[in-house]
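> After the sequence you'll find the predicted model.
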Amino acid sequence: MKAALLRNIEDLAVVSVPDPEPEPGELVLQVKACAVCGTDVKVFHHGHKHIVFPRITGHEVSGVISHCGPGITDFHPGERVTVAPAIPCGRCHYCRRGWPTMCDNLKAIGYHYDGGFAQLMKVPAIAVANGCVNRIPDNVSFAQATLAEPLACVINGQRLSQVELGDTVLILGAGPIGCLHAELARATGAGQVILTDILPERLQIASFTGAITVDLSREDILTRVRELTDGRMAERVIVAATSQQAQEKAVELVAKRGSVNFFGGLPKEKPFINLNSNLVHYGEFTIVGTHGSAPRDNRLALTLLASGRIRASAYLTHTFPLEEIHQALQAAESRQGLK
């Protein structure tokens, strides 16, 4: 088969590799679509602590089951599925508490296991056993189904943020994740959703979300949020950008007893911010983070995509064949379109 093999940092080539063969409890997918994530770009440039080269990356994947290994009874060749890439062990302290994203032994497709930038992808037995394989609803295309993984992370993030009916939800960053946050918040009953970015073209693309947009290149965010909330500020602030400045500003934008979510992580070389802890002390708001999702979140994401409450087609702005993987990574890195 053909695969985009990352042989070392910034050493990526489409080559022929042996077809994967399923062992007991495993599946093999014929990959139909695999979306490019910002993490894929970072891995290309910097590698990752959990990746041993060579590795096939790509984790937002959908396809058709081509082969089932011995012992598989719940799935059959020909079924359309997605795979939740974060694989909990199901046995550790955190898994048993119902917090699989905190699993002590978490593994991931595209990191510990070969991923979806290939014609075929093997799904490990532990992923099958722990509910990571989900059937795609009939009215959801393969390309649309790749959104299940980022949407699942957004679902987990808004659960941790405790978004409630009637809340004002402020999202800093209007990329794919910011747009998903805006759509999910509106779909689940937010009173108003405010979406911001420093790039006007991003906000123009994001207009389909129905959020109130604030162009940070021309408007003062504190003044605008005060105006929109009668001075109360936003009950939920979600930082959907890898920005130190955005994280620092977020604590000035949150309402009393609200929450701030650092959804976008910072570079490991610069992970620290300046935090006015008195704002937390007197405002009694919480600060949480989000880095992934549980298999159940992926199942829910597919349900939301099928319902039409998340407009999947609006996110699919570029398509590349496997042979143009470099162009696909460049498009994602330069923020061309959304997905």
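Perfect, I can see it now. Residues are numbered from 1 along each chain as shown.
> Spatially central residue in the chain, please.
Geometric centre of the chain, nearest residue: Pro150, 2.5 Å, by CA atoms, centre = their mean.
> ok but that one is inside a strand, no?
No: counting by DSSP: H, G, I helix; E, B strand; the rest coil, Pro150 is not found in a strand; it is helix.
> all strands of the stretch 1-150 of the chain, in order?
For the stretch 1-150 of the chain, strands defined by DSSP state E, counting those that start in this stretch occupy the ranges 2-8, 11-16, 27-35, 55-56, 60-68, 80-83, 86-87, 107-108, 120-123, 133-135.
> Out of these, the one nearest His326 is which?
Comparison of the strands of the stretch 1-150 of the chain against His326 by CB to CB identifies strand 11-16 as nearest, at 6.8 Å. For glycine as for every other residue, the C-beta is placed from the backbone atoms N, C-alpha and C.
> Listing partners with orientation, what would you give for that closest one?
Counting by DSSP bridges, the strands paired with strand 11-16 are strand 2-8 (antiparallel).
> what ranges do the helices span in the stretch 51-200 of the chain?
93-96, 125-129, 142-145, 148-161, 176-187, 200-205 (DSSP state H, counting those that start in this stretch).
> other SSEs contacting the third one?
When you say that, I think you mean helix 142-145. Applying 3 or more CB pairs under 8 Å, 6 or more residues apart in numbering; DSSP states H and E, one finds that helix 142-145 makes contact with strand 27-35, strand 60-68, strand 80-83, helix 295-307.
> Could you identify which of these is most buried?
strand 80-83 (a mean of 25; mean count of other CB atoms under 10 Å).
> tell me the mean pLDDT for that one?
What strand 80-83 shows for mean pLDDT is 98.
> what do you get for stretch 266-285?
Here the average pLDDT along stretch 266-285 is 94.
> buried set for stretch 7-23?
12, 14, 20, 22 (16 or more other CB atoms under 10 Å).
> can you tell me which residues contact Ala187?
304, 309-310 (CB atoms under 8 Å, 6 or more residues apart in numbering).
> would you list the helices and strands packed on helix 142-145 in JSON lines and tack on distance to Asp215?
Listed next are the helices and strands packed on helix 142-145 as JSON lines, based on distance: least, CB to CB, whole Å:
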{"stretch": "strand 27-35", "distance to Asp215": "27"}
{"stretch": "strand 60-68", "distance to Asp215": "29"}
{"stretch": "strand 80-83", "distance to Asp215": "35"}
{"stretch": "helix 295-307", "distance to Asp215": "28"}
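> looking at those, which is closest to Glu164?
Per CB to CB, nearest to Glu164 of those: helix 295-307, 17.7 Å.
> Outside of that closest one itself, list whatever touches it.
By CB under 8 Å, 6+ apart, helix 295-307 touches 82, 84, 86, 88, 100, 130-132, 134-137, 139-140, 144-145, 147-149, 151-153, 155-156, 184, 187, 310, 312.
> could I get that helix in CSV with only the CA atoms?
The C-alpha trace of helix 295-307 is given here as CSV (Å, rounded to 0.1, in the frame of the first residue of the first chain):
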residue,chain,number,x,y,z
PRO,A,295,-14.6,7.3,23.1
ARG,A,296,-18.2,8.2,24.2
ASP,A,297,-17.6,11.8,23.1
ASN,A,298,-16.8,10.5,19.6
ARG,A,299,-20.1,8.6,19.5
LEU,A,300,-22.0,11.7,20.5
ALA,A,301,-20.1,13.8,17.9
LEU,A,302,-21.3,11.5,15.1
THR,A,303,-24.9,11.9,16.4
LEU,A,304,-24.5,15.7,16.3
LEU,A,305,-23.0,15.6,12.8
ALA,A,306,-25.9,13.4,11.6
SER,A,307,-28.5,15.8,13.2
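> okay, the residue nearest to His45 when sequence neighbours are not counted: pLDDT?
Excluding the flanking residues, the one nearest His45 by CB to CB, 6 or more residues apart in numbering is Glu10, at 6.2 Å. Note for Glu10: predicted pLDDT of 97.
> pLDDT weak spots in the stretch 51-200 of the chain?
Applying pLDDT under 70 to the stretch 51-200 of the chain flags no residue at all.
> re earlier: can you redo the strands of the stretch 1-150 of the chain as CSV, where the extra columns are distance to Arg296?
Output for those, formatted as CSV (distance: least, CB to CB, whole Å):
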stretch, distance to Arg296
strand 2-8, 30
strand 11-16, 33
strand 27-35, 19
strand 55-56, 26
strand 60-68, 18
strand 80-83, 13
strand 86-87, 12
strand 107-108, 17
strand 120-123, 18
strand 133-135, 10
